[in-house]
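Colleague: Sharing a model prediction with you, sequence too.
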Amino acid sequence: MSELKINLFESERCRIVHKHSDTSIETDGPFEWGGKGRTFSPTDLVSAALGSCILSILEPIFERNGFDPRKLGLTIVKKLSKEPMMISSLSIEISYPEKLETSFRKKAMSVIDICPVKRSISQDVEITINLK
């Protein structure tokens, strides 16, 4: 279980405190919806949660197969819709500087589906994932 404390401290800006570690982050209204975009938006954090979950899931698979997981990189492009107001799509590019065999690539891609964040995102959100 995790506990977060969230306070609105300025127009469209929230401070989120993670109770266990006492660390904090701030969010701002998304630029795409007319916010100032001064820092991460709540929808950016959904994207970041998905990306970090995917890399965490891939880490042991890469290690067991002799690849350095610290060389993994991930880029997410998030698109928002206005009607309804939501994340409409997440396009994810996972990169690795060394050649990955097709069989390993398939294995890695199949493991991504167990990511709890991915499983928690609505089926209405189009998620595409490419492992380069």
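Modeller: Thanks, I have it.

Colleague: where do the helices sit along the protein?
Modeller: For the chain, the helices defined by DSSP state H occupy 42-64, 102-112, 116-120.

Colleague: okay, those helices, which one's buried deepest?
Modeller: Comparing the helices of the chain by mean neighbour count (mean count of other Cβ atoms under 10 Å), helix 42-64 comes out on top with a mean of 17. The C-beta positions use only the backbone N, C-alpha and C, and glycine is treated the same way.

Colleague: what residues does that helix touch?
Modeller: Residues outside helix 42-64 that contact it (Cβ atoms under 8 Å, 6 or more residues apart in numbering): 14, 25, 27, 30, 40, 68-69, 72, 74, 76, 78, 80, 87, 90, 92, 94, 96, 107-108, 111-112, 114-118, 121, 127, 129.

Colleague: same thing with stretch 94-111?
Modeller: Against stretch 94-111 from outside (Cβ under 8 Å, 6+ apart): 54, 57-58, 61-62, 65, 67, 71-75, 129-132.

Colleague: Check those and tell me the two furthest apart.
Modeller: Greatest spatial distance in those: N65 and T75, 22.6 Å, computed using Cβ to Cβ.

Colleague: How much space separates R38 from G29?
Modeller: 9 Å (Cβ to Cβ, to the nearest Å).

Colleague: Please enumerate the shared neighbours of the two.
Modeller: Common neighbours of R38 and G29 (criterion: Cβ under 8 Å, 6+ apart): R13.

Colleague: Just the buried ones out of the contacts of helix 42-64, please.
Modeller: Neighbour counting with 16 or more other Cβ atoms under 10 Å marks 27, 30, 40, 72, 74, 76, 78, 87, 90, 92, 94, 96, 108, 112, 115, 117-118, 121, 129 as buried within those.
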